[in-house]
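J.: Just need the structure, nothing else, for what follows:
(chains A and B)
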Amino acid sequence: MIRFDHVTITYAGAERPALDDIDLSIDEGELCLVVGHTGSGKSTLLNAINGLVPHFTGGTLAGRVTVAGRSTAEDPPREFAELVGVVGQDPVAGFVTDTVEEELAYGMEQLALDPVVMRARVEETLDLLGLADLRERGLHELSGGQQQRVAIGAALTAHPRVLVLDEPTSALDPTSAEDVLATITRLVHDLGITVVLAEHRLERVIPYADRLVVLAGDGTARHGDPATLLAGSTVAPPIVHLGRLAGWTPPPLSVRDARRRAPALRQRLPVTPPTPHRATNSATTASDSTTTDVALAAVGVIVRHGTVVAVRGATIDLRAGQVVALMGRNGSGKSSLLWALQGAGRRAGGTVRTGGLDPAKIKPVEARRLVGLVPQTATDLLYLDSVGAELQQADRDGASAGTARRLLDEIAPGVADTEHPRDLSSGQQLALVLALQLAVTPRVLLLDEPTRGLDYGAKAALVRTLDRLAAQGHAVVVATHDVEFATSAADRVVVMAGGDIVTDGPATTVLTASPTFAPQIAKILAPLPYLTVNQVADALGDKSAAQNVVPPTDSLPAQS
Amino acid sequence: MNKTHLSWGTTHALGLRAARLPRGLHPVAWWLWALALATAASRTSNPLLLVLIFAVLGFVVTARRTEAPWAKAFHYYLIMALIVIAIRVVFRSVFASGITPEDHILFRLPQLQTPDWYAGIQIGGPVSLEATLSAALDGLRLACLLCCIGAANSLANPKRALKALPGALYELGVAVTVALSVAPQLVESVQRVARARRLRAGRPRGLRAVRAIALPVLHDALDRSLRLAAAMDARGYGRTGTATRASRRLTGTLMLAGMAGLCVGVYGLLDPSVPRPVGLGGLAIGVLLSVAGLATGGRRVARSRYRPDRWQWPELVVAGSGLITAVVLAAGTGYDPAELNPGLYPLSWPTLPPLPTAAILVAATAAFAAPPPPQRQPPTLPAGAHP
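T.: Numbers count the residues shown, from 1 in each chain, chains lettered A, B, ... in the order given. Below is the predicted model of the structure:
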């Protein structure tokens, strides 16, 4: 169906090709998963399928890409519209019209299909994707998961034989993501569509994949059967690490597979894990909440946006040295709560006290010394044209010279002063904004969805940074959808729904209690309260395996 | 759901009733109706007739607008109309002119002495009832025109109206549609960045503040438009139709010649020294050539329309009711044309001429002729009821 014939793609001015001699063939009806670190060429590979690379992006293509026998070199991408459907990371960016029904029809209008055919296909697609109730709704009123399903539907109405999806679930909460992935697998199984999918959070997709393409990062790729490839890969979901630890070959890919093999392992494990799920300094983690001091106390916080109540009376204490994961579905009020706690966002009621002050009542310059917030779109804070200029600005804004640079080097070493902030990878951008916000040493640090678009390596680096901040006595809150990230980063988990805080407790309890928020290891080993592969490794006395999973935390002297 | 593509003959009997089912009326019908009313309004300064037009507009808009965001715009137009009237009255009072001895003086504003070379314009001074009234009536007429446009905007989905453009102007329509959807996103982007500024200290002022907001917003907008362009390309936008190189040349020639003809025609009509047939002929040839150009140009774009708005009898009635009003007020026969523009000297209560009044009321039938707008969320059928 799709054939890459010794394909090399080089962008103008790049030192090395983005894709180097890729030879790959994807058969009809396959679900092919593309993985690799940020910048390893995933998007290039996906966009080459319908010719957007190089027709739209520029660059040179050597070799041949053919889809159903047609070469992308000869025709522009629009001539592939009835053959290849494309769904991007951010569905909103690709919407052309403003209602669900019109968006579904747009592609067909371009193909000049007969109105009768169009109407029939729109109805079929509405049913197939469960969008019938939303047909007249505006695209901007929909939730993230619904928008992504509309984007998939809009690509499907042209009846393409190939569907290309670039990280379709990166912005979605676990439930919506499951929904979208279930839709995709259904398309593969029921309609026989060939799907090529890129995804950072392997654990969600790997059970469904027929073929895996691993981009090494230097432009080369390996491809083949997922289980075989993953057995030797460092980029792998926790379930594969567990399989390796337990000696299961080939490694299990779905929770079901693993659970069926797990009884023997459960027998070998002690009833309580010998080590905590996080390898932080236990003196500062808040296992005993009465001894650690409260860095920020919020009582009855209410946030309203017009008639919509985003947060209805949230009460929360943030403790020094503790990392809190704030979870909940899209639109449950997580961002509104974080902004209200910082003082920059609206607050219609309730009190927030930190350092004896209310951050909303003092000047922003002083508020950020008490509470730092990294917003969802971290780049909103960057407006100068070099990293060096941003760092200097941060120092001028109240830190002593060199502070921001030192922080950035701690978080993400090797970012040069001369680079443009917009050219950095998303992990480096996040590190830069974190350094800017930390330069004035706020005691409380809030992060809104920092893991979006981060690969495993960048996430592990973020976990290390948060650990260090907690050890230095910061109180940290991370709003996140990523269950596995929350497991490795958080001491305490707060779950919000409909503007209320519905659960607030130690990570171990909360994450093992509900299937939605449970990490893979917990699902496999339940009822044993294990959360991470490291805990299992420690219990089995196998230190070497643990080293593979999370890179060792570097030992920085704690300062207070 | 019935398939609505039976032939005209078989649907005709059904069509009479089917056309009245809840749906959006063809946007062109609403625009014709509103423009016709605007034409009518521009013919009169009789406050009674103008107020009657306002009443008709308000009535039809409340009866037939949808829940969509653009449909809520009518009251903004009303507010703008009030502002227009107020500005006119205030200016006329301050820059008083043309006050005759028999005017009724209401009050006197302090008068500013203007230098000799500035004679002719008087600032301040007496304010007369007649001048104020005439300003208010002028304002009222302008406000009425404004509200006619407002009514069309509230009743017809602007994006659907653009879809009614001929194929040759398709790209123009797309550009406007995209701009319309980008504008709110840009506003959202500015709000988000402005909010994020609070998180960064310093709060730059002046030029640096502009930069701190503009740079991320522009970056965002550029990024977004690139992604939109890529998405549109991937979905088949801009596929070439059946046009060949020769037909493209023909289109170009026809359009150029048509435009030249239009220019000659307009010039001929405006310049009295040019014989009238030259002007009229030029205009006619220009229009013909342009239409031919648009028709051949439309072949360049191969696309179809999803659920196109169809022109049915309610559309005819709506557009027709507006046209009747315009024709009656423009023709001025069957009643005394002076009643359309009653004089202020001597001051008297204006009369309500019966024929124009009836004509304006005819326009109100649009509210009954147009089918009701579709329900946003269809009410769920009771259990057991068959759909």
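J.: which residue is nearest the centroid of the chain?
T.: Let's take chain A. A:Arg452 (3.6 Å; CA atoms, centre = their mean).
J.: you looked at the wrong chain, it should be chain B
T.: For chain B, B:Ile149 is the residue whose C-alpha lies nearest the centre (CA atoms, centre = their mean; 3.6 Å).
J.: wait, does the helix or strand where that one lies contact chain A?
T.: Here B:Ile149, judged by DSSP states H and E, is contained in helix B:129-155. No. On the criterion CB under 8 Å from any CB of the partner chain, helix B:129-155 is out of touch with chain A, staying 15.8 Å away. To be clear about C-beta, it is placed using only N, CA and C from the backbone, and glycine gets the same treatment.
J.: buried sites along that helix?
T.: For helix B:129-155, the neighbour count (16 or more other CB atoms under 10 Å in any protein chain shown) marks B:130-148, B:150-155 as buried.
J.: so how far is it from its chain's centroid?
T.: Relative to the chain's own centre, helix B:129-155 is displaced by 14 Å; criterion: CA atoms, centre = their mean, to the nearest Å.
J.: Give the other helices and strands that the helix or strand following it contacts.
T.: Beyond helix B:129-155 on the C-terminal side, the first helix or strand identified by DSSP H and E is helix B:158-163. With contacts defined as 3 or more CB pairs under 8 Å, 6 or more residues apart in numbering or on different chains; DSSP states H and E, helix B:158-163 has these neighbours: helix B:27-42, helix B:170-197.
J.: ranking those helices by burial, who's on top?
T.: Of the helices and strands packed on helix B:158-163, the one with the most neighbours on average (mean count of other CB atoms under 10 Å in any protein chain shown) is helix B:27-42, at a mean of 23.
J.: so what secondary structure elements neighbour that helix?
T.: Using 3+ CB pairs under 8 Å, 6+ apart, the elements in contact with helix B:27-42 are helix B:47-64, helix B:129-155, helix B:158-163, helix B:313-331, helix B:354-363.
J.: Just the mean pLDDT for that helix, thanks.
T.: On average, the pLDDT along helix B:27-42 is 93.
J.: List the contacts of that helix.
T.: B:50, B:53, B:56-57, B:141, B:144-145, B:148-149, B:151-152, B:155-158, B:160-161, B:164, B:309, B:311, B:314-316, B:318-319, B:321-323, B:325-326, B:328-330, B:359-360, B:363, B:366, B:370 (CB atoms under 8 Å, 6 or more residues apart in numbering or on different chains).
J.: Compute the inter-axis angle for it and helix B:354-363.
T.: For helix B:27-42 against helix B:354-363, the angle by axes from the mean of the first three to the mean of the last three CA atoms, to 10 degrees is 160 degrees.
J.: give the contact list for the closest residue to chain A within the stretch 251-387 of chain B.
T.: Residue nearest to chain A within the stretch 251-387 of chain B (CB to the nearest CB): B:Tyr306, separated by 3.4 Å. Neighbouring residues of B:Tyr306 by CB under 8 Å, 6+ apart: A:101-102, A:105-106, A:108-109, A:115, A:118-119, A:122.
J.: Tell me how many other residues crowd residue 207.
T.: Since no chain was named, I'll use chain A. For A:Pro207, the neighbour count with other CB atoms under 10 Å in any protein chain shown is 18.
J.: wait, chain B
T.: Neighbours of B:Leu207 under the rule other CB under 10 Å: 8.
J.: Next up, identify which helix or strand it is on.
T.: Element membership for B:Leu207, per DSSP H and E: helix B:206-234.
J.: Which positions within that helix qualify as buried?
T.: For helix B:206-234, burial by neighbour count (16+ other CB under 10 Å) applies to B:212-213, B:215-217, B:219-220, B:224, B:227-228, B:230-234.
J.: Within reach of chain A, which of the residues you listed are there?
T.: Restricting the buried residues of helix B:206-234 to those adjacent to chain A (criterion: CB under 8 Å from any CB) gives B:212-213, B:215-216, B:219, B:224, B:227-228, B:230-234.
J.: Chain A contacts on the stretch 151-300 of chain B?
T.: Residues of the stretch 151-300 of chain B lying near chain A by CB under 8 Å from any CB: B:159, B:177-178, B:181, B:184, B:192-193, B:195-203, B:211-213, B:215-216, B:219, B:224, B:227-239, B:241.
J.: Quick one, grab the pLDDT at A:Glu101.
T.: Confidence score, pLDDT, at A:Glu101: 91.
J.: Tell me the secondary structure at it.
T.: Assigned with DSSP: H, G, I helix; E, B strand; the rest coil, A:Glu101 falls in the helix class.
J.: Pretty sure the residue nearest to the centre of chain A sits against A:Ala171.
T.: Yes. Using CB atoms under 8 Å, A:Arg452 is in contact with A:Ala171, at 6.3 Å.
J.: about what we covered before: in helices, which of the contacts of B:Tyr306 appear?
T.: Judged by DSSP state H, helices contain the following of these: A:101-102, A:105-106, A:108-109, A:115, A:118-119, A:122.
J.: Redo those residues as JSON lines? Include neighbour count and distance to chain B.
T.: Converted to JSON lines, those look like this (neighbours: other CB atoms under 10 Å in any protein chain shown; distance: CB to the nearest CB, whole Å):
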{"residue": "A:Glu101", "neighbour count": "21", "distance to chain B": "8"}
{"residue": "A:Glu102", "neighbour count": "22", "distance to chain B": "7"}
{"residue": "A:Ala105", "neighbour count": "25", "distance to chain B": "3"}
{"residue": "A:Tyr106", "neighbour count": "22", "distance to chain B": "7"}
{"residue": "A:Met108", "neighbour count": "27", "distance to chain B": "7"}
{"residue": "A:Glu109", "neighbour count": "22", "distance to chain B": "5"}
{"residue": "A:Pro115", "neighbour count": "17", "distance to chain B": "6"}
{"residue": "A:Met118", "neighbour count": "22", "distance to chain B": "5"}
{"residue": "A:Arg119", "neighbour count": "20", "distance to chain B": "7"}
{"residue": "A:Val122", "neighbour count": "24", "distance to chain B": "7"}
